[in-house]
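1. quick check, what structure comes out for this input:
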Amino acid sequence: MPKLTINDIEVEVEPGTSILQAAEQIGIEIPRFCYHDRLSVPANCRMCLVEVSPGPPKPAASCAMACGEGMVVKTDSDMVKQARKGVMEMLLINHPLDCPICDQGGECDLQDQAVAYGYDRSRYHENKRAVKDKELGPLVNTVMTRCINCTRCVRFAEEIAGTPVLGQFNRGEEAEIGTFIDQVVDTELSGNMVDICPVGALTSKPYQFKARSWELRKTDTIDVHDAVGCNIRVDARGREVMRVLPRLHEEINEEWINDRSRFSYDGLSKARLDRPYIRDEKTGVMSESSWDEAFAVIKSKLAKVKGSEIAGLAGDLVSVEEMYAFKDFLHGLGSKDMDCRTDGSMIDPRVRGGYVMNSGIEAIEEADAILLVGVNPRYEGTLVDTRIRKAVRENGAKVALVGEACDLTYRYEHVGDSPADLEKLAKARSGFAKILKDAKKPVMIVGSGAYARADGAAVQALCHAAAEKLKVVRKDWNGFNVLQNAASRVGGLDIGFVPAKEGRGLAHILAGTKDGSVKAMFLLGADEFNARAEIGWKCFTVYVGHHGDHGAERADVILPSAAYTEQDGLYVNAEGRPQLARAAVTPPGEARSGWSIFRALSAVLGKALSYDTLAQLREEMVKHYPHLELIDERGANEWAVFDSKAKVSGDVFALPVRNFYLTNAICRASDTMRKCVGAFHASEVLEAAE
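-> You can find the predicted model right below:
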């Protein structure tokens, strides 16, 4: 390994390490604009110049020069300081003086480095050039006159997002970034271009002119729009969420988040339930009420109902604590009928290795063969899709799909669309089956939609058998992964929010509301199905949730709860990693945290739960499920045979997510998400209408 000296400090680095990276290892800052840790190196901004000896008598770009044995590098010599001032002066020649109205103000790399490394005045008095702004869609705003042509956005779109619609064209003073033909940036990751832009050329369109960074209260929390569990930061002013940004977590989302997680926050303030409501039995009209009145109505209705006639369903966005309190509440009433699989999934919850990502998200990068089964990772787990793309680009991984063909960001082999095709692949000795068997680290990713069918349990057994035959699971490697698409799903399965012995699941519960065997129904944020059509109108229905969505439309009593940004809660992501979400703002009106609603209602019904605080609830929960105490740790999962005597049908695998931007109650309330549908899915909307 080469040894070199940087500013009189000797350092030994791995072969191929750049001077800039070596300097960072010993805490020496070198300014840069075009360089980014996760993107290729273009070396076109020249801000990272350093003096290297032995070498040419001129400064060198430290981002593009590999460390060599015996190098002596100076990052603060007079030559380097003068070169950086010259580069900064050149970059500012055409940059507009609009910092006071720029949304990047206070968070701008150009501002910071101009102060630290540039001149204190300009010698340039000629007219500045102007560049026409580009229309990139409803999410990214452009002020292209500010652009310094660092090409970070171009490289991100091509290398990370896999949608190379941006490019740099023309030469010299006429050079600019844009789309070669007028089109929007159709990627689920476009908001990350705003983060990596070192100037104010790309900014958030929904956040435009809304607030300054120093005015905002910042809270580290977890995203719940899918099961990936991206680490995010919620910036709020008062009780309004102003923006959502990614946090660094190398094992989950690196430093990216998808556009649904980033831009749907405006839905948190629309169509909200901020007080209890009761439906008039004669007119069917919902009217406002107090908590005491709502509880009294529930008590009077349940007085005529047996425990075996009560059921509960938990939706996709609720925390583990809410489901745990809900489960205790139902057990206290004598009910065994409950389910968190509101997508109709028939997945067996007894073996944890059968419903989580056993390899983990980060390990997908190491895969050299990947089999996708009934899943579109671009929509169901966008940050998982970026890992697959990285494996394809950097490892040359081969990808095959069994299921409905979809538009992915990498090439794949379509080997079938039904369970029969998967069974055929498992028995094959050539083709992609041989690629999987010969691979060092094969990965199989099954979508939760593959189990959301009547023969879901049989499909799970088939997937298990296929993983064994294709050698995806070995002594030192478990590449069998289930990509859930609901943030609450793994946590719900972990704590057993599924039918108890002799209890009923989703399909039988909904059928029971129509045949009269289920007389009372509790919905905890369950908005994933058409409740008005699926729940019988003779069944007394209580909805506990935060948006006036599908569940609230059917409810006889509505109890308003807090959204994920308004309460502390535990979520278990798709790889089985418990993570803590923090409250960033307070709930609106009279809304309360979900677990406390069930605690209060249980007391009114004479079945008081055994805990009074969130800390007490967690303490009891951890006693029964100790792994939930291991925050941000992904433990080992057992691997066992999934028993199923049922037969697999010939139906093809159906994808559960058709419209990426309208997957839950928050998104459906968001104006920004509806604009995205119009910009990116207009043709699909027209087809559905026809």
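2. not counting its neighbours along the chain, what's nearest Leu401?
-> Leu372 (4.5 Å; CB to CB, 6 or more residues apart in numbering). C-beta here means a position set from N, CA and C on the backbone, and glycine is covered the same way.
3. toward the C-terminus, what is the element adjacent to the host helix or strand of the one you found?
-> For Leu372, the host element (DSSP states H and E) is strand 369-373. For strand 369-373, the following helix or strand on the C-terminal side (DSSP H and E) is helix 377-380.
4. sorry, back to before: packing partners for the strand holding Leu372?
-> Counting contacts by 3 or more CB pairs under 8 Å, 6 or more residues apart in numbering; DSSP states H and E, strand 369-373 is packed against strand 398-402, helix 432-438, strand 442-447.
5. pLDDT weak spots in the stretch 51-200 of the chain?
-> Along the stretch 51-200 of the chain, no part satisfies pLDDT under 70.
6. just the helices in it please.
-> Secondary structure of the stretch 51-200 of the chain, counting by DSSP state H, counting those that start in this stretch: helices at 78-91, 109-117, 152-155, 191-196.
7. tell me which strands and helices the first one is in contact with?
-> Same thing as helix 78-91. Helix 78-91 sits against strand 49-53, helix 109-117, with contacts defined as 3+ CB pairs under 8 Å, 6+ apart.
8. comparing the ones you listed, which comes out most buried?
-> Highest mean neighbour count among those (mean count of other CB atoms under 10 Å): strand 49-53, with a mean of 21.
9. what separation do you get for Asn141 and Arg260?
-> 18 Å (CB to CB, to the nearest Å).
10. ok, the two, which is more surrounded?
-> Taking other CB atoms under 10 Å, Asn141 and Arg260 do not tie; Arg260 has more neighbours (25 against 22).
11. can you check my assumption that that one lies in a strand?
-> No: applying DSSP: H, G, I helix; E, B strand; the rest coil, one finds Arg260 to be helix, outside a strand.
12. please name the nearest non-neighbouring residue to it.
-> Excluding its sequence neighbours, the residue lying closest to Arg260 (CB to CB, 6+ apart) is His225, at 5.1 Å.
13. would you check that the one you found makes contact with Arg262?
-> No: the pair His225 / Arg262 is not scored as a contact, 9.5 Å apart, by CB atoms under 8 Å.
14. from Gly307, how far off is Leu483?
-> Going from Leu483 to Gly307 by CB to CB gives 36 Å.
15. kindly report the same for Lys427.
-> For Lys427 relative to Gly307 (CB to CB), the value is 48 Å.
16. looking at the two, which one has more neighbours?
-> Using other CB under 10 Å, the more surrounded residue of Lys427 and Gly307 is Gly307, with 15 against 11.
17. let me see the contact set for that one.
-> Contacts for Gly307 were tallied using CB atoms under 8 Å, 6 or more residues apart in numbering; they are 333-335.
18. now do the helices in the stretch 251-400 of the chain.
-> Secondary structure of the stretch 251-400 of the chain by DSSP H, counting those that start in this stretch: the helices cover 259-263, 291-302, 320-333, 377-380, 382-395.
19. can I get the ones you listed in a markdown table with distance to Leu614?
-> Formatted as a markdown table, the helices of the stretch 251-400 of the chain follow (distance: least, CB to CB, whole Å):
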| stretch | distance to Leu614 |
| --- | --- |
| helix 259-263 | 25 |
| helix 291-302 | 19 |
| helix 320-333 | 7 |
| helix 377-380 | 31 |
| helix 382-395 | 29 |
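20. just checking, Val482 touches Gly353?
-> No: contact status for Val482 versus Gly353: not in contact, 9.1 Å apart, counting by CB under 8 Å.
21. tell me how many other residues crowd the residue nearest to Arg260.
-> Residues contacting His225 under the criterion other CB under 10 Å number 27.
22. same check, this time on Ser287
-> For Ser287, the count of nearby residues is 11 (other CB under 10 Å).
23. which residues does it bridge with?
-> On the basis of DSSP bridges, Ser287 is bridged to Ile278.
24. dump the residue contacts of it.
-> Neighbour list for Ser287: 277-280 [criterion: CB under 8 Å, 6+ apart].
25. going by distance to Phe660, which of these wins?
-> Nearest to Phe660 out of the contacts of Ser287 is Tyr277 (CB to CB; 31.2 Å).
26. so what pLDDT did the closest one get?
-> Tyr277 is assigned 98 on the pLDDT scale.
27. grab the nearest non-local neighbour of it.
-> Once flanking residues are discounted, Tyr277 sits nearest to Ile558: 4.1 Å by CB to CB, 6+ apart.
28. ok, now Pro59?
-> Nearest in space to Pro59, with sequence neighbours left out and distances taken as CB to CB, 6+ apart, is Leu49 at 3.7 Å.
29. can you check Ala175 too?
-> In space, and not counting its chain neighbours, Ala175 is closest to Asn149: 5.6 Å by CB to CB, 6+ apart.
30. what about the one you found, distance to Glu322?
-> From Asn149 to Glu322 the distance is 49 Å (CB to CB).
31. return the member of the contacts of Gly307 nearest to Pro15.
-> Set against Pro15, the nearest of the contacts of Gly307 by CB to CB is Ser335 (63.7 Å).
32. would you confirm that the closest one contacts Lys306?
-> No: at 9.2 Å, Ser335 does not count as touching Lys306 under the criterion of CB under 8 Å.
33. the more surrounded of those two?
-> More neighbours surround Ser335 than the other of Ser335 and Lys306, with 24 against 12 (other CB under 10 Å).
34. who's in contact with that one?
-> 307-308, 310-312, 503.
35. cool, Ile347 as well?
-> Residues near Ile347 by CB under 8 Å, 6+ apart: 341, 354-355, 448, 451, 456-457, 460, 482, 493.
36. on that earlier part again, burial measure for the residue nearest to Leu401, as a count.
-> Neighbours of Leu372 (other CB under 10 Å): 25.
37. and the helices of the stretch 51-200 of the chain as CSV, adding distance to Leu317?
-> Converted to CSV, the helices of the stretch 51-200 of the chain look like this (distance: least, CB to CB, whole Å):
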stretch, distance to Leu317
helix 78-91, 44
helix 109-117, 35
helix 152-155, 32
helix 191-196, 20
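38. how about the ones you listed, which one is nearest Gly238?
-> When those are compared by CB to CB, helix 191-196 sits nearest Gly238, at 23.4 Å.
39. helices and strands around that closest one, which ones?
-> Using 3+ CB pairs under 8 Å, 6+ apart, the elements in contact with helix 191-196 are strand 140-142, helix 152-155, strand 202-204, strand 240-246, helix 259-263.
40. so which of those is the most surrounded?
-> Greatest average neighbour count among the helices and strands packed on helix 191-196 goes to helix 259-263 (a mean of 26), per mean count of other CB under 10 Å.
41. tell me which other helices or strands that helix touches.
-> Helix 259-263 packs on helix 191-196, strand 240-246, helix 671-680, going by 3+ CB pairs under 8 Å, 6+ apart.
42. circling back: so which of Asn149 and Glu322 has more stuff around it?
-> Taking other CB under 10 Å, Asn149 and Glu322 do not tie; Glu322 has more neighbours (31 against 18).
43. for the residue lying closest to the more buried one once chain neighbours are set aside, what are its contacts?
-> Closest residue in space to Glu322, ignoring its immediate chain neighbours: Gly594 at 3.6 Å, by CB to CB, 6+ apart. Contacts of Gly594 were listed using CB under 8 Å, 6+ apart, and they are 318-319, 321-322, 325-326, 524-525, 544, 561-562, 567.
44. ok so, going back, put together a markdown table for the helices and strands packed on helix 259-263, with distance to Arg618 on each row.
-> Below are the helices and strands packed on helix 259-263 laid out as a markdown table (distance: least, CB to CB, whole Å):
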| stretch | distance to Arg618 |
| --- | --- |
| helix 191-196 | 33 |
| strand 240-246 | 25 |
| helix 671-680 | 33 |
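45. among the ones you listed, which is nearest Glu158?
-> Per CB to CB, nearest to Glu158 of the helices and strands packed on helix 259-263: helix 191-196, 11.7 Å.
46. identify the residues contacting that closest one?
-> With contact meaning CB under 8 Å, 6+ apart, helix 191-196 is reached by 36, 39, 139-140, 152-153, 156-157, 160-161, 185, 202-204, 245-246, 255-259, 262-263.
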